[in-house]
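Asker: no FASTA, just this:
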């Protein structure tokens, strides 16, 4: 059974810092891995999707990497801004069966 | 990206009543839709998988008679919480996929409060 964990659970940084969020999964037989952002009381916003054949994806200040063999993915946020404050979730797609979500990392970027 | 619309965004209902939540894929046909539930400060947990034209598959511990799922068309799935109780108060989110194996697109979520 797939299990997804995320470290750290919470992170508080001053504006402008670069930061890394970590995601680990137990079953490497995934179809893809997706990173989401969730603002309080709101739905999910998809940030980046990494297919199993890919190593990384980039969108603006965000870069996500995937290492299936080690069961890890990282989300790198460059030059953080207060507007980046949110909960970041990673989810492993078990070949279309469903997504298994991590518990999330709660990020606060202080102005 | 593709758009999934979920309605209503929030609802307050009395204990014992039923509530229907709709999930629509606006610009694509979703053969598979998923329903998730999120309790405060916890991550999303899958409730059920819905395939168009067939019965939903429920996760262990989810009461199928309480959480009725209907996926009557390729663009609409509904979740009905029957005889709602305060412990059913939660954030419910649907997602839809094209062809079952692809990027997932999520609805905006529905915050249900049962009083």
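Answerer: Arrived safely. Computed from a prediction, not measured in an experiment: that's the story for all the values here. Numbers count the residues shown, from 1 in each chain, chains lettered A, B, ... in the order given.
Asker: was I right about residue A:65 contacting residue A:55?
Answerer: Yes. Residue A:65 sits in contact with residue A:55 when judged by Cβ atoms under 8 Å, with a separation of 6.3 Å. Glycine gets a C-beta too; all of them are placed from N, C-alpha and C.
Asker: more neighbours, those two?
Answerer: Per other Cβ atoms under 10 Å in any protein chain shown, whichever of residue A:65 and residue A:55 has more neighbours is residue A:65, with 18 against 10.
Asker: might you report the residue contacts of the more buried one?
Answerer: Residues touching residue A:65, when contacts are defined by Cβ atoms under 8 Å, 6 or more residues apart in numbering or on different chains, comprise A:50, A:55, A:56, A:73, A:74, A:76.
Asker: swap in 7 Å and give it another go.
Answerer: Residue A:65 is in contact with A:55, A:56, A:73, A:74, counting by Cβ atoms under 7 Å, 6 or more residues apart in numbering or on different chains.
Asker: give me the subset of these lying in strands.
Answerer: Among the contacts of residue A:65, DSSP state E puts A:56, A:73, A:74 in strands.
Asker: for the first one, which non-adjacent residue is closest in space?
Answerer: Think residue A:56. Nearest-residue entry for residue A:56: residue A:65, 4.3 Å, with adjacent residues in sequence omitted and distances by Cβ to Cβ, 6 or more residues apart in numbering or on different chains.
Asker: now swap in residue B:29 and tell me
Answerer: residue B:74 (3.9 Å).
Asker: equivalent analysis for residue B:81, please.
Answerer: Residue nearest to residue B:81 in three dimensions, not counting chain neighbours: residue B:19, with 4.8 Å by Cβ to Cβ, 6+ apart.
Asker: equivalent analysis for residue B:50, please.
Answerer: residue B:71 (4.1 Å).
Asker: contacts only, for that neighbour.
Answerer: With contacts defined as Cβ under 7 Å, 6+ apart, the neighbours of residue B:71 are B:33, B:50, B:51, B:52, B:56, B:77.
Asker: on that earlier part again, which one of the contacts of residue A:65 sits closest to chain B?
Answerer: Chain B has its nearest neighbour among the contacts of residue A:65 in residue A:73, at 15.3 Å by Cβ to the nearest Cβ.
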